[in-house]
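**Q** quick one: sequence and predicted model below, then my questions.
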Amino acid sequence: MNKPVYQITPSCRGCGYCTIICPAKAIRKSAARRYEIDPERCRACGVCEQNCPQHAVIRR
């Protein structure tokens, strides 16, 4: 069974809260100054999706 994949949508306002709460430290700011989720590090726990104040993290 494949684990869920999470994505940060364009509605992200760059607050960085997801980087603080991610237990796997799988979310980083890219060179393009956008937040990205590293699928290799992501544990698919859903904490980022559940706690994003802008609801900018979605499960694909």
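**A** Sure, I can see it.
**Q** where's the nearest residue to Asp38 once chain neighbours are set aside relative to Pro39, distance?
**A** Using Cβ to Cβ, 6 or more residues apart in numbering and skipping residues adjacent in sequence, the residue nearest Asp38 is Ala26, 4.7 Å away. C-beta: built from backbone N, CA, C; applies to glycine. Distance, Ala26 to Pro39, by Cβ to Cβ, to the nearest Å: 8 Å.
**Q** neighbour count: the two, which is higher?
**A** Ala26 (20 against 12; other Cβ atoms under 10 Å).
**Q** and the more buried one, what is it in contact with?
**A** Ile37, Asp38, Pro39, Glu40, Arg41, Cys42, Arg43 (Cβ atoms under 8 Å, 6 or more residues apart in numbering).
**Q** tell me where this protein has strands.
**A** Secondary structure of the chain (DSSP state E): strands at 6-8, 27-29, 35-37, 57-59.
**Q** quick check: the nearest residue to Tyr35 once chain neighbours are set aside vs Arg28, distance?
**A** Taking Cβ to Cβ, 6+ apart, and ignoring the residues beside it in sequence, Tyr35 has Ile8 as its nearest neighbour in space, at 5.0 Å. Between Ile8 and Arg28 the computed distance is 11 Å (Cβ to Cβ).
**Q** Pro23 is in contact with Ala44, isn't it?
**A** No: with contact defined as Cβ atoms under 8 Å, Pro23 does not count as touching Ala44 (11.2 Å).
**Q** pretty sure Glu49 is in contact with Ile58, am I right?
**A** Yes: counting by Cβ under 8 Å, Glu49 touches Ile58, with 6.7 Å between them.
**Q** what residues are shared contacts of those two?
**A** By Cβ under 8 Å, 6+ apart, the residues touching both Glu49 and Ile58 are Tyr6.
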